[in-house]
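> Task: produce atomic coordinates for the following.
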Amino acid sequence: MHGRLRFTVVSFCLTLSAASMLFAADSRAKIPAPEAGVEAEASRLVKEVYAAEWAAAKTPAQKQALAKKLLQKARESASDKPGQFVLLRMSKELALQVPDALTAFEAINELERLFVVDALEMKADTLAKVARSASLPDHHRAVSQKAVEVSESAALQGNYLVAKQVADLAVSEAHKSNDAALLKQLTEHKARVDELAKAFEEAKAGLDILDKSPSDPAANLTVGKYYCFAEDNWKKGLPMLVLSGDPALNPLAETEIKGVTSTDDQVKLADRWLGAAEAQKGSAKKQLQLRAVYWYRLASPNLTGLAKDKVAKRIADNDPPVWIDVTYRIDPAKHAIKGDWQMTKDGITIKNAFQSQITLPIKLSENYQLEVEFVRLAGAGDVVVAIPVGTRHCDLLLSGWGGAASGIGMIDDKYPDNNTTTVRPGTLENNRKYKLHVSVKRELEKVAVTIELNGKEFTKYQGPFSTLSAFWQAPAKNFAALGAGADATVAFSNVRVMQQ
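So this is what the prediction gives:
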């Protein structure tokens, strides 16, 4: 028995390295949804308690307010699981009458976190209903971006029915967004979903053959390619490629299984994988290129001169850095460190909370770029970005000390208003959109942190890595965070990262 296929696949929106850096799913134990009779009783109690407000909720604004109230009450009702389930369900249903997709998704995310439910179906249904009410290009763009996230999640769970359904919706909404670049990206995304779904079905059929005939070459080739190319499970797939007898893949698989330890042999193996990629198409071609990159990266630290430069170029050519949009991956319920963060029409929003922070759910390498747009909607408090630099953190503080100064800290234990990065005055204008760009480059014990604001260099630190430390509470190692001071209402949007 060769076992079942895992219900996971390599992300079609991210590179393999980027996909592996995303937060793992919440591992806390979930409980079953309440039985019908228990749920009915809980529903009766909720309707009794909120009868007057329910009857008064006639307008979209009133329904939205009640949906948010039910959601908040659910978060406060951890000891009453049936009541919590019903409050979340009703919050979702009421939000969809508005329609308020943000509140509906927050309720679904809470249901998914706490209970055994079919959250993918709920999310697909929510997107379909919201899409029907969308009227402006920006609305269609928002639906398409959320749809691609749900489609990706569905494929990662092996639910290709939902993955394809939502991918179709994403492309349809992208057409209505008048955004050619987005349409191109989501059309490619849909093609990748279709390809993975086809490979999954073929691999299942191949496993049935291998149950009866374990050495069948064609079945070993089909399943081995699936494990290697779709699941990135080369340990499981390589022995099958050996049994396949495929003239291109068999010798490479045999070499890997025997072991490759010398730097020269690692480079030669990488070159061979790159050569094999030329005969492939689509995702198979890309995965063979990435396998070559894997071996090039193993060899690179031991190379010098032109040999090292050649390998660096091949890595860059075959695994170029890509921007990863993490905006819709941020879940305030999961990722808030401090403060009552909310998803609003303006973005990820925090209001008047002392040293509030929310983690960006992607693990960062030592060299990366981070972009985020933000608007300070009210107040005079500071806007903060916690910047990971290797195993350390520093903080970018904008409009600190009532707008008197901005800067990076701590540097040699000096605050952002009293070191070489200080900018005076550091005032932000309320209700003005800012685009922030952070670049971090580290080489051994030296680091460069460059800050641009609205396309212009704002401040920069270059110096020893060891002088940096966090001004605010540091998030988890290798993770960035967004934050704001006590006297500030700030909305963050369009958050994206490029690993380098």
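> For Gln355, which residues are in contact?
Gln355 is in contact with 338, 472-473, 483, 485-486, counting by CB atoms under 8 Å, 6 or more residues apart in numbering. C-beta here means a position set from N, CA and C on the backbone, and glycine is covered the same way.
> can you give me the helices in the stretch 151-300 of the chain?
Using DSSP state H, counting those that start in this stretch, the helices of the stretch 151-300 of the chain run over 160-176, 180-212, 217-225, 234-244, 249-258, 263-277, 282-299.
> ok, how many other residues are close to Leu444?
6 (other CB atoms under 10 Å).
> so how far is Ile108 from it?
Noted for Leu444: a distance of 46 Å to Ile108, by CB to CB, to the nearest Å.
> same check, this time on Leu169
Counting by CB to CB, the gap from Leu169 to Ile108 is 16 Å.
> how far does stretch 472-485 stretch from start to finish?
Stretch 472-485 has its terminal residues 10 Å apart, counting by CA to CA, to the nearest Å.
> Now do the buried residues in it.
Neighbour-count burial for stretch 472-485 flags 472, 474-475, 478-485 (criterion: 16 or more other CB atoms under 10 Å).
> from the middle of its chain, how far away would it be?
Averaged C-alpha coordinates place stretch 472-485 at 17 Å from its chain's average position (CA atoms, centre = their mean, to the nearest Å).
> can you list contacts of that stretch?
337-339, 348, 350, 353-365, 370, 372, 374, 376, 381-388, 391, 393, 395, 400, 490, 492, 495, 497.
> repeat that for 6 Å
Stretch 472-485 is contacted from outside by 350, 355-360, 363-364, 381-384, 386, 388, 391, 393, 395, 490, 492, using CB atoms under 6 Å, 6 or more residues apart in numbering.
> Over to stretch 291-300?
263, 266-267, 269-270, 273-274, 311, 314-315, 318-319.
> Run the chain-centre distance for that stretch.
25 Å.
> Need the CA coordinates for that stretch. PDB is fine.
The C-alpha trace of stretch 291-300 is given here as PDB (Å, rounded to 0.1, in the frame of the first residue of the first chain):
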ATOM      1  CA  ARG A 291      15.200  21.900  -7.600                       C
ATOM      2  CA  ALA A 292      18.200  23.100  -9.500                       C
ATOM      3  CA  VAL A 293      18.100  26.300  -7.300                       C
ATOM      4  CA  TYR A 294      18.000  24.100  -4.200                       C
ATOM      5  CA  TRP A 295      21.300  22.500  -5.100                       C
ATOM      6  CA  TYR A 296      22.900  25.700  -6.300                       C
ATOM      7  CA  ARG A 297      22.100  27.300  -2.900                       C
ATOM      8  CA  LEU A 298      23.700  24.300  -1.100                       C
ATOM      9  CA  ALA A 299      26.800  24.800  -3.100                       C
ATOM     10  CA  SER A 300      27.000  28.600  -3.100                       C
END
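> Show the backbone phi and psi for Thr459.
With angles defined as degrees, to the nearest 10, Thr459 sits at phi -160, psi 170.
> what sits against it?
421, 423, 451 are the contacts of Thr459 under CB under 6 Å, 6+ apart.
> quick one: which of these is most hemmed in?
Among the contacts of Thr459, the one with the most neighbours (other CB under 10 Å) is Thr421, at 24 neighbours.
> Do I have it right that it meets Ile408?
Yes: counting by CB atoms under 6 Å, Thr421 does reach Ile408; the two are 4.2 Å apart.
> Touching both of these two, which residues are there?
Here Thr421 and Ile408 have Tyr461 as joint contacts, going by CB under 6 Å, 6+ apart.
> coming back round to it: give the buried subset of the contacts of stretch 472-485 as a PyMOL selection command.
PyMOL command restricting these to the buried ones, with burial defined by 16+ other CB under 10 Å:
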select buried, resi 350+355+356+357+358+359+360+363+364+381+382+383+384+386+388+393+395+490+492
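> sorry, back to before: present the helices of the stretch 151-300 of the chain as CSV; the columns should include mean neighbour count, distance to Gln64 and mean pLDDT.
Formatted as CSV, the helices of the stretch 151-300 of the chain follow (neighbours: other CB atoms under 10 Å; distance: least, CB to CB, whole Å; pLDDT from 0 to 100):
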stretch, mean neighbour count, distance to Gln64, mean pLDDT
helix 160-176, 22, 22, 94
helix 180-212, 17, 27, 91
helix 217-225, 22, 49, 96
helix 234-244, 19, 48, 96
helix 249-258, 16, 55, 96
helix 263-277, 18, 51, 96
helix 282-299, 20, 42, 91
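> closest to Glu149 out of these?
helix 160-176 (9.0 Å; CB to CB).
> Return the member of the contacts of Gln355 nearest to Ile257.
Ile257 has its nearest neighbour among the contacts of Gln355 in Gln473, at 47.1 Å by CB to CB.
> Check which helix or strand the closest one maps to.
Using DSSP states H and E, Gln473 sits within no helix or strand.
> State the distance from it to Gly426.
For Gln473 relative to Gly426 (CB to CB), the value is 21 Å.
> try Gly403
According to CB to CB, Gly403 and Gly426 sit 6 Å apart.
> Which of these two has more residues huddled nearby?
Between Gly403 and Gly426, counted using other CB under 10 Å, Gly426 has the larger neighbour count: 22 against 17.
> Mind pulling the model confidence for the more buried one?
Note on Gly426: pLDDT of 88.
> Hmm, Gly407 and it touching each other?
No: when contacts are counted by CB under 6 Å, Gly426 is not listed as touching Gly407 (7.3 Å).
> what's the burial count for the closest residue to Pro464 other than its chain neighbours?
Excluding the flanking residues, the one nearest Pro464 by CB to CB, 6 or more residues apart in numbering is Glu445, at 5.8 Å. Neighbour count of Glu445, defined by other CB under 10 Å: 10.
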